[in-house]
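K.L.:
need the 3D shape of this:
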Amino acid sequence: MKILQLVPLLLALALCVAGGVAHAKADTVALYTEAVMTGDVPVLEKLLAPNYWHISANGHIRDKEHFIQSIKSKALVVDRLTITNVRETMIGNTRLLTGNGFLKGTTVPPLPQGLMRYTMVIADNNGTQQVVLFQATPVQPAPDCKDGNCRIQ
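P.N.:
Numbers count the residues shown, from 1 in each chain. Below is the predicted model:
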């Protein structure tokens, strides 16, 4: 009998949670990293601003069209991309994010692997958050690097 009383309560709770998830704003950084690792071109098309620039850890620069083409053709394959310890600064409707994390991937010219310092610029484009710039810089692991102050390789 108590189980039958519990079912409506659990159903109501599930609907509230599902409604909250549906209305939650997606994290642009998480969407970006997931789309790059899975090669999700349709998500990247929407997520990247028309004037997007990608500066790889090897120093290679690609605009939006060439970055997406390299993902689509598998000329750039990112197996692992983590961004942690993110610091954010707002300038109007534009967010400047810096953080560190790990990169593992392949492309020509070859990518440095391992610990990276990341910079991202995310702008509000008519109510939609879009990535304008992504840059990865290889850094040296050190005890003080956990707070984001890493030495560049």
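K.L.:
do you know the pLDDT at the residue nearest to Thr94 when sequence neighbours are not counted?
P.N.:
Leaving aside its sequence neighbours, Thr94 sits nearest to Ala123 (CB to CB, 6 or more residues apart in numbering; 4.6 Å). Bear in mind the C-beta positions are built from the backbone N, C-alpha and C, glycine included. At Ala123 the predicted local confidence, pLDDT, stands at 95.
K.L.:
Asn51 against Ala123, yeah?
P.N.:
No. Distance between Asn51 and Ala123: 9.2 Å, which falls outside the contact criterion (CB atoms under 8 Å).
K.L.:
which one of those two has more residues nearby?
P.N.:
For Asn51 versus Ala123, the count of surrounding residues by other CB atoms under 10 Å is larger for Ala123: 18 against 12.
K.L.:
in three-state terms, label the more buried one for me.
P.N.:
In terms of secondary structure, Ala123 is strand; the call rests on DSSP: H, G, I helix; E, B strand; the rest coil.
K.L.:
nearest residue to Arg95 other than its sequence neighbours?
P.N.:
Ile122 (4.5 Å).
K.L.:
quick one: the one you found and Leu48, what's the gap?
P.N.:
Counting by CB to CB, to the nearest Å, the separation of Ile122 from Leu48 is 10 Å.
K.L.:
joint contacts of these two?
P.N.:
Common neighbours of Ile122 and Leu48 are listed as Gln130, Val131 (criterion: CB atoms under 8 Å, 6 or more residues apart in numbering).
K.L.:
and for the nearest residue to Ala49 once chain neighbours are set aside, the neighbour number?
P.N.:
The shortest distance from Ala49 to any non-neighbouring residue, by CB to CB, 6+ apart, is to Gln130 (4.0 Å). Counted by other CB under 10 Å, the residues lying close to Gln130 total 20.
K.L.:
which element is Gln130 on?
P.N.:
Take DSSP states H and E as the rule and Gln130 turns out to sit in strand 128-140.
K.L.:
identify the residues contacting the residue nearest to Arg95.
P.N.:
Listed by CB under 8 Å, 6+ apart, the contact set of Ile122 reads Thr28, Val29, Thr94, Arg95, Leu97, Gln129, Gln130, Val131, Val132.
K.L.:
need the residues touching each of Asn51 and Ala123.
P.N.:
For the pair Asn51 and Ala123, residues contacting each of them under the criterion CB under 8 Å, 6+ apart are Val132.
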